[in-house]
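> Kindly return the folded structure for what I paste below:
(chains A, B, C, D, E and F)
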6 protein chains.
Amino acid sequence: MKKVICFGEVMLRLGTEGHYRFIQSDKMVVNYTGAEANVAVALAQFGLKTEVVTKLPDHDISRAAIATLKKFGAGVDHIVTGGDRIGVYYIEKGASQRASKVIYDRKNTSISNATRSDFDWDVIMKDADAFIFTGISAALGKELPAIIEDACLAAKKNNVMVFCDLNYRKNLWTPEEAQAVMKNLVKNVDVLIGNEEDTEKVLGVKAGQSDVTQANLDMNSYSTVADQLSKEYGFKYVATTLRKSISASDNKWSGLLYKNGKTYYSKEYDIHIVDRVGGGDSFASGLIYAILNGYDEQKAVEFAIAASCLKHSIELDFNLVSVAEITALMNGDGSGRVQR
Amino acid sequence: MKKVICFGEVMLRLGTEGHYRFIQSDKMVVNYTGAEANVAVALAQFGLKTEVVTKLPDHDISRAAIATLKKFGAGVDHIVTGGDRIGVYYIEKGASQRASKVIYDRKNTSISNATRSDFDWDVIMKDADAFIFTGISAALGKELPAIIEDACLAAKKNNVMVFCDLNYRKNLWTPEEAQAVMKNLVKNVDVLIGNEEDTEKVLGVKAGQSDVTQANLDMNSYSTVADQLSKEYGFKYVATTLRKSISASDNKWSGLLYKNGKTYYSKEYDIHIVDRVGGGDSFASGLIYAILNGYDEQKAVEFAIAASCLKHSIELDFNLVSVAEITALMNGDGSGRVQR
Amino acid sequence: MKKVICFGEVMLRLGTEGHYRFIQSDKMVVNYTGAEANVAVALAQFGLKTEVVTKLPDHDISRAAIATLKKFGAGVDHIVTGGDRIGVYYIEKGASQRASKVIYDRKNTSISNATRSDFDWDVIMKDADAFIFTGISAALGKELPAIIEDACLAAKKNNVMVFCDLNYRKNLWTPEEAQAVMKNLVKNVDVLIGNEEDTEKVLGVKAGQSDVTQANLDMNSYSTVADQLSKEYGFKYVATTLRKSISASDNKWSGLLYKNGKTYYSKEYDIHIVDRVGGGDSFASGLIYAILNGYDEQKAVEFAIAASCLKHSIELDFNLVSVAEITALMNGDGSGRVQR
Amino acid sequence: MKKVICFGEVMLRLGTEGHYRFIQSDKMVVNYTGAEANVAVALAQFGLKTEVVTKLPDHDISRAAIATLKKFGAGVDHIVTGGDRIGVYYIEKGASQRASKVIYDRKNTSISNATRSDFDWDVIMKDADAFIFTGISAALGKELPAIIEDACLAAKKNNVMVFCDLNYRKNLWTPEEAQAVMKNLVKNVDVLIGNEEDTEKVLGVKAGQSDVTQANLDMNSYSTVADQLSKEYGFKYVATTLRKSISASDNKWSGLLYKNGKTYYSKEYDIHIVDRVGGGDSFASGLIYAILNGYDEQKAVEFAIAASCLKHSIELDFNLVSVAEITALMNGDGSGRVQR
Amino acid sequence: MKKVICFGEVMLRLGTEGHYRFIQSDKMVVNYTGAEANVAVALAQFGLKTEVVTKLPDHDISRAAIATLKKFGAGVDHIVTGGDRIGVYYIEKGASQRASKVIYDRKNTSISNATRSDFDWDVIMKDADAFIFTGISAALGKELPAIIEDACLAAKKNNVMVFCDLNYRKNLWTPEEAQAVMKNLVKNVDVLIGNEEDTEKVLGVKAGQSDVTQANLDMNSYSTVADQLSKEYGFKYVATTLRKSISASDNKWSGLLYKNGKTYYSKEYDIHIVDRVGGGDSFASGLIYAILNGYDEQKAVEFAIAASCLKHSIELDFNLVSVAEITALMNGDGSGRVQR
Amino acid sequence: MKKVICFGEVMLRLGTEGHYRFIQSDKMVVNYTGAEANVAVALAQFGLKTEVVTKLPDHDISRAAIATLKKFGAGVDHIVTGGDRIGVYYIEKGASQRASKVIYDRKNTSISNATRSDFDWDVIMKDADAFIFTGISAALGKELPAIIEDACLAAKKNNVMVFCDLNYRKNLWTPEEAQAVMKNLVKNVDVLIGNEEDTEKVLGVKAGQSDVTQANLDMNSYSTVADQLSKEYGFKYVATTLRKSISASDNKWSGLLYKNGKTYYSKEYDIHIVDRVGGGDSFASGLIYAILNGYDEQKAVEFAIAASCLKHSIELDFNLVSVAEITALMNGDGSGRVQR
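Residues are numbered from 1 along each chain as shown, chains lettered A, B, ... in the order given. Next up, the predicted model:
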């Protein structure tokens, strides 16, 4: 059983019910989530061993967060206790032309104030096969880039493959700040995941003329970006999802995987959205699974996209699907017929 | 007022809320249902008199099942009390490319252990106009085929029209087992309902090359099947629904009715699915109503398909629509404008 | 800050949850609403000052209604207390081919028995910029036309622009009764809103051959109607929404605004419906906002249609969107991408 | 199987969830109820045949009301369709020192406008064993006293025992109005149920010095009242419940039954209240059951009080308990131990 | 109409449903609250004019908080927008021997970082009759004591009566820190509210030997404390509630009011608790109302205690009761009988 | 960290919401539970390592059961997959005089058909400190007694302390059947838990004259029973809870522990019940914890009773309390004051 280390923030997600707006809501749906935790949970459904590495305060809300991770099979043995607060995000889901809205309250959290001494990476990376972090984690606090660099070096030392999802968040840092940190960190990365906006803002490499608000994407230009990045940083793989947002209810969804000068495009799915949060994370987890299991490039990107296609049909951030369900979809059965 | 006898299992349906998967669910929605009970309830909405004939254990869950049938107008005068358990099925509804999932727990139920002496068919069939059973009921237990045969013979004696919906369920029996039982039982049947998979598995008559996972159906080939079956078994009518599964959220839905060498095709509807369970049962009830009321073949299949089209917009298994609503749809108003 | 006076009934809305039919419902969702109250609430979201003018009985349900209006920013200073009851309407939302259903219980309400002496319009209209009433209010009770005429005259005296949404309701009055009242009342109206059915039934002016049950609308013919009405009654603007009902789940939505012999058509939106009740009211509020803010005709109709397009994505009757959200949609971003 | 006819209003009950006040409520719990319907449903649980006789409008809310009665076993064969509206009452449940609050909206209902020609009492009373009406029904509308008198006379003719629960409601009529009607109607009554307030307001016979707001009741004085009433009107039985309201959460509950100059007092129960609405109706149903089954006086009052004691532990108005459960409580097991 | 200014934090309250613990909760009930906001809302129910003065960030959660205050009648005209976050507290309600649990996340909120220049107290205090702050507000941030002192001085200047509820919170500051601030601030206070723990920790004056964990309180000793405090700081009134915690479900509740050397004790109530949060705030609001309306001391303390007794029967923090309901309880009707 | 092995059935619990009866319920609350799983979960809250040993079918409901155990910290490494079904029990919670009702559907489950070869007890017992089974498990199926004997022998071999809770269930076996099995099995038991009914039915030793339906227990007689059992079977400890059922809402709760001829009685608690299911299991877990941690007898029984006292305040079967909370209650703070 392969083992994957996932480092990043675990947050409390508070979402309005159904299609209610914040102002209409007398109840909120509770979940505990985070980009890397989402990866860990998805991989646990695929049968892999995972560890979520983070720092959380010592109170019952954190304990509920940890219990939730355990419920869905993610490892929690290396979660550090300390600090003051758990991050929170509020979400109301959009519909039709109305966009979903996310409000973050993640400053001064335990993880943002974590220090290098909180984590013993040599212990954590032992027996691991892959490590993933995202650009979000690097942006959370002053010592975070150093913590991640420690992790990457320990990964290298232990022959652990390093995945990075750029995940640019404009409310966490500016492109300048991001580039100052990330251009250094990605030097240790084997597999880079990031869409056009990410690579432009985080690594300073601009793709073509896509306009994300218009559901039209310039697919070929991304290929050039991947090639350029690969050459500059030595990535083994570069990958991205390609989302065409028709509306908050309907998207077209595909992806591509670049390796050694060649780009592999997946099938495109018409998705009726239940919950799109975590879509990117489910792609990352599909890719990790596929690469760790030696899938060829075409099959790898098909698996990752099929996995993340299914994510959109599932409530909350976790991608709770099995390898069998993903494989069935890859093999062409997206008919949604009742499985008895 | 016409009277229809519906023999089969009544189960407890436990469904997750909204689009939640089983593992996410802290609550389940409760309903009491069953293929033939669904027919009875639908017919009760149309103003017919019905009797659900089944066997249920003597406890409060069964009493709740019976109360539910009564609420929706189905007759419960011939429900036998005894045995150990009520069948249960668990369901999570799919969405987009993710299929709905049903888990059955229906072994050793009261109905599966029923015996011929439990039912006095001459009393039950008195004053009845139609009788319906499905292939599911025949598969439930050892004595069930004999019970159904008793019922059919009593029906014949009382001039009651016999309807059978083949409803093949692979987790109940193999094609061989099904054919061993059903080829005999259908000899008493006037109106046969069954899709291509049903007729192949249950009666051994294979239609063309349709692939149900690909939303493409070979409509003409079914006509040949119907013709062949009619000649072999003397059915007055053969009917089927034609479902093209685009996804778990969207289907195309139509049907056909064969009589005397001629096949009548209904209009096709684009359906946005609320709950597709019971879709076939709602077609059967529409057909029973139409035939008992002397509708011509084209009108009969249009009525049955419009009825079952509306079923897909209704939560849970029962088709809670009126004849007026179905007629409005048949006549062309599927616009969904608010009725004030 | 502009101020708008909204006169009409405030009702209790009792809606089934999700897609449940009335007979399936053990709970109902509560809201307090009304055509003109909906306008007031929408305008309050846009930052305008509003007053809902109505009459309500002296009990806790009314107090909850008033509290709800206050929550969403509408003014309640001129609500009169007295009479016996608050109107109620029951609603089940349709889906796919199944129409939504509304049952009214609004006879003998406090507002329907209101008298001219209940309202001191010179006080109410002071400092106001616009006044809106609908044909519904005029139909509610014997003294209502006189009350509305009082209001219009006070509006004129105070330089308040008068808006009227014809809103014909066949269960409140016949075309003959409506025309007897409304032909007189609209003489005081500056901006008339009403679709083809409204203008035919309420003002006796018939447009072309559109069939609302078939999702095809004769757009040009409406232009002629607007022209004719404008000439006859001296309206400054005539406007209408154009709804093409594909199904209860999907509509196409656009609108037009007529002024001085010229007709301005808006963009058309493909809408996935969450709740379509209040769609017309949200158009009216968008139009009031646009006209009070001096938007040109094309921009005004685009704003009103974008506002009401978004309404369809929001639960219950109120259009809880901001000017910024509407403007973003007008400017082309209907992609529904997550706003973080 | 004994058969009981129950005449009166069937209403929609809209209750806030848990302990929420009206102003806090975004949802309401729906039930369909009424004093006499409550009696019918309770008797159906005891295995008796019942008919609810009332008049309801022709719409889906009424149909849901009728479906609810059917679900719980009450007969609906003599419900008349017509008129405009179903009565509504809103309820928030109290707790501790805070009282429950009920708001009625029951004017101009179908039943209040019913006429003598709506009911064919000779048909309705055929094969019946008991008839019950309450003072509420007599107060609802102009023709109601005559309708009830018709019913009583038909009952007498058919040897049907007549029960009357005085149920004085101050918002329906004054004591003078009540006495003008009820002193005549009770001449046909065999079994009179009514507490001290009822007998004083409705029949003008005042008991002792009890103060219902102080949880102290003068039990002996009621005996004198019962004796006086019996002599004046010839009642075979006079009965009442004795409620000591400690708080909205805790009551003491007992009852008495007077016959032939002798008064039988029941055991007193300390009740932790779940829902006290329908408490009196459950006593009436217990009494009807006990008398129709020939219980002696002491056993009859114990049965009726045990039945209504259990009612207080059940949500909503119906008393959903079995004879076995009541008998167990009468026999001394009120320990609430789990029944496995 | 009297007007009361209420200064302090407005928070998001996230509570588990029913009796669930945090770890069991997939949903949380949302409310917006705060000690002084609770006072404002309670006073609004009594018909007073109020203003909640606070600082909140510019996002939809804050807007929902403000909308909630408006719904319940509190004034929001002086709420300042700015800063990063709204405070949050998580609550699970206890039962029986299990205590309720509150987790605060209120550091770095907008109000805690407020500065003196945020509030123009001369404008705010204009036409006001009373001002209330609590010890919580003084503890929230560095500049808060100065802000409160500004407010008190403006109050004095405008003849506004100053109320202070000491409300010691051990997780906000130590007794030393509290005394350093509060001994100065209370010099401007007319009416001091605080229990024995508060006066000891905040003002350094220790009462007798009560042990709050044992439900026994030394009532007389408090009298001496009040006398001593009055003499030292010149308070016109000193008041406190007296809570005897039998369990999380049952409390005994009374209060006392000291004035001019004399102590007035209220009646004691046995309370069955629905939600005890906000109990102290409801006492403060009762006291403010009573004193502003010139009630004598005995009536004042009875009113305040009856008001806060009723609060315990109401869900969430606000005391949503009317003066009429409180008066009825004061006058002896705590029987909880249904009000129809 | 001590490790405890818990062998027995894991079931799906389906409970009605609030105080609803089965017939009223359109939703059920889902939990996964079982006597020994409850012990494991409780011990996990105390910080112990546990393993739930059972057999479950291979489907999503079982996977949800396992996920739930993981969430609450119980070990699942030795759960065997196979067989057909998971047991189900339905529960409606009583209130006041109305008893809670449990309906079991646990025949033919995977665990009931388990065989000796399913479990490798030498592996399971490695490094364990305690083992617990209950009489329920022994009653479930033919091979279960042998499986348990295997477990006990392996426990002995590995120096694992054996706990047995007799837990007689009359719907699983007769006293004769129970004695035939259990008299043999308890020979391996170190600590016996069982109330008077259990010891009489399962071991044939009758205590005094207590009547469980009357809330009066003969405490001394149990001492004699314990002494007798200890001598006969060599138990190191004998323990029982003492429940006085006042009603379904209120109980008195205490316990006793016998060792070496001496009986230690705990304090008695007045409990307001939230959910009493799992009360006995929480006592067993408290006792295991106390004994494994070397508590003296008095402290052990106080701990176990305080733990199980708190259980009654918690929804569903698991006792989700910490050692700190139990210790606080043991030390006298049952006041339920808010913990901030």
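> drop to CA atoms for contacts and neighbour counts, all remaining ones
Will do.
> what stretches of the stretch 151-300 of chain A score poorly on pLDDT?
The model of the stretch 151-300 of chain A has pLDDT under 70 over residues A:207-219.
> SS state for residue A:300?
helix (DSSP: H, G, I helix; E, B strand; the rest coil).
> pretty sure it is touching residue A:290, no?
Yes. In this structure residue A:300 lies within contact range of residue A:290 using Cα atoms under 8 Å: 5.0 Å.
> More neighbours: which of the two?
residue A:300 (24 against 19; other Cα atoms under 10 Å in any protein chain shown).
> show me the contacts for the more buried one.
Neighbour list for residue A:300: A:286, A:287, A:290, A:291 [criterion: Cα atoms under 8 Å, 6 or more residues apart in numbering or on different chains].
> For ChimeraX, write a command that selects the buried ones of those residues.
The buried residues among the contacts of residue A:300 can be selected in ChimeraX (16 or more other Cα atoms under 10 Å in any protein chain shown) with this line:
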select /A:286,287,290,291
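> Return the subset of the contacts of residue A:300 lying in helices.
A:286, A:287, A:290, A:291 (DSSP state H).
> Format the residues you listed as CSV; extra columns: distance to residue B:185.
Rendered in CSV, the data for these read as follows (distance: Cα to Cα, whole Å):
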residue, distance to residue B:185
A:286, 50
A:287, 53
A:290, 51
A:291, 54
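> Close to chain F: what parts of the stretch 51-200 of chain A are there?
A:67, A:68, A:69, A:70, A:71, A:72, A:73 (Cα under 8 Å from any Cα of the partner chain).
> thinking again about what came up before, so which of the ones in helices among the contacts of residue A:300 would you say is closest to chain C?
Nearest to chain C out of the ones in helices among the contacts of residue A:300 is residue A:286 (Cα to the nearest Cα; 22.3 Å).
> That closest one and residue A:258, how far apart?
15 Å (Cα to Cα, to the nearest Å).
> try residue A:338
36 Å.
> Please identify which of these two sits among more neighbours.
residue A:258 (27 against 17).
> would you say the more buried one is within a helix?
No. Under three-state DSSP, residue A:258 falls outside any helix and is assigned strand.
> who are the neighbours in contact with residue A:297?
Residue A:297 neighbours (Cα under 8 Å, 6+ apart): A:257, A:259, A:264.
> Among these, which one has the most neighbours?
residue A:257 (25 neighbours).
> Not counting sequence-adjacent ones, nearest residue to that one?
residue A:239 (4.4 Å; Cα to Cα, 6 or more residues apart in numbering or on different chains).
> Pull up the pairing partners for the helix or strand containing the one you found, direction included.
Per DSSP states H and E, residue A:239 falls inside strand A:237-245. In the sheet, strand A:237-245 lines up against strand A:191-193 (parallel), strand A:250-259 (antiparallel) (DSSP bridges).
> Out of the ones you listed, which one sits most buried?
Highest mean neighbour count of those: strand A:191-193, a mean of 26 (counted as mean count of other Cα atoms under 10 Å in any protein chain shown).
> ok, and what's touching that one?
Outside strand A:191-193, the residues that reach it (Cα under 8 Å, 6+ apart) are A:162-166, A:186, A:235-240, A:284.
> now those residues: which count as buried?
A:162, A:163, A:164, A:165, A:166, A:186, A:235, A:237, A:238, A:239, A:240, A:284.
> Stretch A:49-62 close to chain E?
Yes. Applying Cα under 8 Å from any Cα, one finds stretch A:49-62 touching chain E at A:59, A:60, A:61.
> Quick one: classify the last one as helix, strand or coil.
This means residue A:61. Relying on three-state DSSP, one would call residue A:61 helix.
> Can you tell me the closest non-neighbouring residue to it?
Nearest to residue A:61 is residue E:22, by Cα to Cα, 6+ apart, at 6.6 Å.
> Check the first one too.
Distances taken as Cα to Cα, 6+ apart put residue E:103 closest to residue A:59, at 7.7 Å, once the chain neighbours are dropped.
> just the second one next, same as before
Leaving aside its chain neighbours, residue A:60 sits nearest to residue E:22 (6.6 Å; criterion: Cα to Cα, 6+ apart).
> all strands of the stretch 51-200 of chain A, in order?
A:55-56, A:80-81, A:87-92, A:101-105, A:130-134, A:161-165, A:191-193 (DSSP state E, counting those that start in this stretch).
> So for residue D:142, which of those strands sits nearest?
With Cα to Cα as the measure, strand A:87-92 is the member of those nearest residue D:142 (53.3 Å).
> close to chain C, is that closest one?
No. Applying Cα under 8 Å from any Cα, one finds strand A:87-92 separated from chain C by no less than 9.0 Å.
> Residues in contact with that strand: which ones?
A:9-17, A:19-22, A:100-107, A:109.
> can you state the direction angle for that strand and strand A:101-105?
Computed with axes from the mean of the first three to the mean of the last three Cα atoms, to 10 degrees, the direction of strand A:87-92 lies at 160 degrees from that of strand A:101-105.
> Tell me who's in contact with the residue of the stretch 101-250 of chain A at minimum distance from chain C.
When distances are taken as Cα to the nearest Cα, the stretch 101-250 of chain A reaches nearest to chain C at residue A:248, 3.9 Å away. Each residue near residue A:248 by Cα under 8 Å, 6+ apart is listed here: A:94, A:95, A:96, A:97, A:98, A:99, A:100, A:273, C:335, C:336, C:337.
> Chain E contacts on chain A?
A:22-31, A:59-61, A:63-64, A:67, A:85, A:103, A:105.
> Is it possible to mark the buried ones in the residues you listed?
A:22-31, A:60-61, A:64, A:67, A:85, A:103, A:105.
> Now do the contacts for residue A:161.
By Cα under 8 Å, 6+ apart, the neighbours of residue A:161 are A:129, A:130, A:131, A:155, A:189, A:190.
> out of these, who's nearest residue D:309?
residue A:131 (64.0 Å).
> Name the nearest residue to residue A:258, ignoring sequence neighbours.
residue A:238 (5.0 Å).
> In this structure that neighbour contacts residue A:259, no?
Yes. Shown here, residue A:238 and residue A:259 form a contact pair, counting by Cα under 8 Å, at 6.7 Å.
> OK, contacts around residue A:203?
A:178, A:179, A:182, A:183.
> Could you export these as a markdown table, including neighbour count?
Formatted as a markdown table, the contacts of residue A:203 follow (neighbours: other Cα atoms under 10 Å in any protein chain shown):
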| residue | neighbour count |
| --- | --- |
| A:178 | 23 |
| A:179 | 18 |
| A:182 | 20 |
| A:183 | 13 |
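> List, out of those residues, those positioned next to chain C.
Of the contacts of residue A:203, not one also sits near chain C (Cα under 8 Å from any Cα).
> Now intersect these with the helices, please.
A:178, A:179, A:182, A:183.
> tell me the contacts of the last one?
This means residue A:183. Contacts of residue A:183 by Cα under 8 Å, 6+ apart are A:202, A:203.
> Any idea how many residues pack against whatever residue of chain A ends up closest to chain B?
Closest residue of chain A to chain B, Cα to the nearest Cα: residue A:336 (3.8 Å). A count of nearby residues for residue A:336, using other Cα under 10 Å, gives 24.
> Tell me the spacing between it and residue B:274.
13 Å.
> what's the overlap in contacts for these two?
Contacts common to residue A:336 and residue B:274, judged by Cα under 8 Å, 6+ apart, are residue B:249.
> thought residue A:70 was touching residue F:69?
No. Residue A:70 is beyond contact range of residue F:69, at 9.2 Å (criterion: Cα under 8 Å).
> More neighbours: the two, which one.
Taking other Cα under 10 Å, residue A:70 and residue F:69 do not tie; residue F:69 has more neighbours (26 against 21).
> I'd say the more buried one and residue A:71 touch.
Yes. Counting by Cα under 8 Å, residue F:69 touches residue A:71, with 7.5 Å between them.
> Surely residue A:335 is within a helix?
No. Residue A:335: not assigned to a helix; according to three-state DSSP it is coil.
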